[in-house]
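S.K.: here is the input, now give the coordinates:
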Amino acid sequence: MTPRTLSSRLAATMGLLIAAAACPAPEQLEIEFRQIPAEAIFTRYPELDFTKVREVGETAEAIWILDVSPPFLTRIDRSTGSVRRGGRRGEGPADFSFPVALQVDPEDGTAHVWDLGIRRHTVLDPTLSVVVSQPIHPGAIPGGRWMLDISYADPYRIRRTADGVLAADFSVRLDRATDIVHGAVVRVTPTLAPERELVRFAEHLAQDGDDPKEFVALPRWDACGSDLVIWRPDAHDLAWLDSEGGVQTTVRIPGRPSPISHADIASYLEAMARVELGPDYADAGIDFTAMAREARPLFADQLPFATEVVCAEGGTAWLRLFDNRTDPLGRGRRWLRVSRSGAVDPIEFPAFFEPVAAAARGLLGSYESPDGLRWLAEWME
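M.R.: Numbers count the residues shown, from 1 in each chain. Sure thing, here's the model as predicted:
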């Protein structure tokens, strides 16, 4: 990220962080969450550690893991337990810089990786040898490679489905979280060239999409098999769509978003200063409470309700609720497991478990040990 002064960041990119509030959302407390004990989280392959697991892909033959730093790729053979790790940092055909998405082809066992740093789509075989390496579309996901560090919203999701590849396409450069409202879920080529628009984000906002304010409640999406699942803030529901974007099923979600307080905004600005100025940001003597009062008109009336959707084949989706008690970006521990039939199961996971992907009976992700190591982990029921 290019260093900038705090004042220029406030003027140009206000809204990049969703920061911690002083208390949990009161409306969300109306939902009774089932607490998952620490011993219910199963750690897979503790001999393998990761920096931060970005994606997990499973087939009958293997488990693939995409990490945010080298070795970027890990493949675990299910039958033999053998492990291959690879992917160095660089700009060559077998290298990676900022890989954001991993998808595994269950037919031939190849892994597809999209990298926005070197702007390439790379296909690797089970030995981690490169099969194809090709440039992605020049207009795909422009800018914003720091978005994962400064916003709960993830604009980088790419899914290979039974009907082709889906990704988000944007009409503007991504410089702040609210820029995501100018995007859509689009059927794309493997190199991310847009082919057909399926869902436009601005049509599902809870506020005017022409002039979104900070803390805008953004639609979230995932795809499984031939299904596209989207969280729609305006309708406060999860919708299952067909391969052409037509609504098949909707499930109304309990609870409501919370009003934004000045404490929310002040914490937001303090977190922004921490990113901009570093750990000694307090030495600048900034009055964040006063700044929050001045900035209040720039913010929405309510906090986002949900931050993420992940789905599994078979009609199950997981909705992660905005919860800034433990994470400054609202990526808390509370999830709703939602079935197409309308059943909603509220679950709260231990703090050290970070879900990444859904499986038929639970969630896959990473376990963070007290000394900061991260291992592949799962919760199954």
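S.K.: and the longest helix along the chain, what does it pack onto?
M.R.: What stands out as the longest helix in the chain, according to DSSP state H, is helix 262-277. Judged by 3 or more C-beta pairs under 8 Å, 6 or more residues apart in numbering; DSSP states H and E, the packing partners of helix 262-277 are helix 6-13, helix 147-150, helix 288-295. C-beta coordinates here come from the backbone N, C-alpha and C atoms, glycine included.
S.K.: how far does the next helix-or-strand element following the shortest one sit from its chain's centre?
M.R.: Scanning the chain past helix 147-150 towards its C-terminal end, the next helix or strand to appear is strand 158-161 (assignment: DSSP states H and E). With C-alpha atoms, centre = their mean, to the nearest Å as the basis, strand 158-161 stands 14 Å off its chain's centre.
S.K.: can you name the next helix or strand after strand 158-161?
M.R.: strand 164-170.
S.K.: partners of that next one in the sheet?
M.R.: strand 158-161 (antiparallel), strand 183-188 (antiparallel) (DSSP bridges).
S.K.: any idea which residue is closest to the centre of this protein?
M.R.: Per C-alpha atoms, centre = their mean, the C-alpha nearest to the average position across the chain is that of Asp154, at 4.1 Å.
S.K.: give me every residue that touches it.
M.R.: Shown in contact with Asp154 (C-beta atoms under 8 Å, 6 or more residues apart in numbering): 147-148, 308.
S.K.: of those residues, just say which sits nearest to Ile65.
M.R.: Proximity of the contacts of Asp154 to Ile65 (C-beta to C-beta) peaks at Leu148, which lies at 16.9 Å.
S.K.: give me the nearest residue to that closest one, chain neighbours excluded.
M.R.: Residue nearest to Leu148 in three dimensions, not counting chain neighbours: Asp154, with 6.3 Å by C-beta to C-beta, 6 or more residues apart in numbering.
S.K.: what are the ranges of the strands in the stretch 1-150 of the chain?
M.R.: Remark: strands assigned in the stretch 1-150 of the chain by DSSP state E, counting those that start in this stretch are 34-35, 42-44, 53-58, 62-67, 73-77, 83-86, 99-104, 111-115, 120-124, 130-135.
S.K.: dump the ones you listed into CSV; add mean neighbour count, distance to Phe353 and mean pLDDT as well.
M.R.: Formatted as CSV, those follow (neighbours: other C-beta atoms under 10 Å; distance: least, C-beta to C-beta, whole Å; pLDDT from 0 to 100):
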stretch, mean neighbour count, distance to Phe353, mean pLDDT
strand 34-35, 10, 12, 96
strand 42-44, 14, 10, 91
strand 53-58, 22, 11, 95
strand 62-67, 23, 16, 97
strand 73-77, 20, 19, 97
strand 83-86, 15, 22, 97
strand 99-104, 23, 20, 97
strand 111-115, 23, 24, 97
strand 120-124, 22, 28, 97
strand 130-135, 13, 33, 96
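S.K.: wait, which of these is closest to Pro254?
M.R.: Across these (criterion: C-beta to C-beta), the nearest stretch is strand 34-35, sitting at 14.1 Å.
S.K.: give me the helices and strands touching that closest one, please.
M.R.: Helices and strands touching strand 34-35, by 3+ C-beta pairs under 8 Å, 6+ apart, are strand 344-348.
S.K.: centre of the chain to the strand it packs on, how far?
M.R.: On C-alpha atoms, centre = their mean, the centre of strand 344-348 falls 19 Å from that of its chain.
S.K.: partner strands of that strand, parallel or antiparallel?
M.R.: Strand 344-348 sits in its sheet next to strand 34-35 (parallel), strand 331-339 (antiparallel), going by DSSP bridges.
S.K.: before we move on, back to that, for the longest helix of the chain, list every residue counted as buried.
M.R.: Applying a neighbour-count criterion of 16 or more other C-beta atoms under 10 Å, the buried positions in helix 262-277 are 263-277.
S.K.: angle of that helix against helix 288-295?
M.R.: Angle of helix 262-277 versus helix 288-295, following axes from the mean of the first three to the mean of the last three C-alpha atoms, to 10 degrees, is 110 degrees.
S.K.: for helix 262-277, give the mean pLDDT please.
M.R.: Taken as a whole, helix 262-277 has an average pLDDT of 84.
S.K.: how far does that helix sit from its chain's centre?
M.R.: That offset, for helix 262-277, works out to 21 Å (C-alpha atoms, centre = their mean).
S.K.: begin at 9 from now on, thanks
M.R.: Done: numbering now begins at 9, and the last item shifts to helix 270-285.
S.K.: how close does the residue nearest to the centre of the chain sit to His145?
M.R.: Asp162 sits 19 Å away from His145, going by C-beta to C-beta, to the nearest Å.
S.K.: Ala170: what's its closest spatial neighbour, skipping adjacent residues?
M.R.: Nearest residue to Ala170, sequence neighbours excluded (C-beta to C-beta, 6+ apart): Ser234, at 4.6 Å.
S.K.: how many neighbours does that neighbour have?
M.R.: Using other C-beta atoms under 10 Å, Ser234 has 12 neighbouring residues.
S.K.: do I have it right that Ser377 meets Phe361?
M.R.: No. Assessed by C-beta atoms under 8 Å, Ser377 is found out of contact with Phe361, at 11.5 Å.
S.K.: which of those two has more residues huddled nearby?
M.R.: Between Ser377 and Phe361, counted using other C-beta under 10 Å, Phe361 has the larger neighbour count: 20 against 12.
S.K.: pLDDT value on that one, please?
M.R.: For Phe361, the model assigns a pLDDT of 96.
S.K.: what residues are up against it?
M.R.: Here Phe361 is in contact with 44, 49, 341, 373-375, 385, 387 (criterion: C-beta under 8 Å, 6+ apart).
S.K.: pairing partners for it in the sheet, please.
M.R.: Beta-bridge partners of Phe361, as defined by DSSP bridges: Tyr375.
S.K.: please apply the same query to the one 10 residues further on.
M.R.: Counting by DSSP bridges, Leu371 is bridged to Ala366, Trp387.
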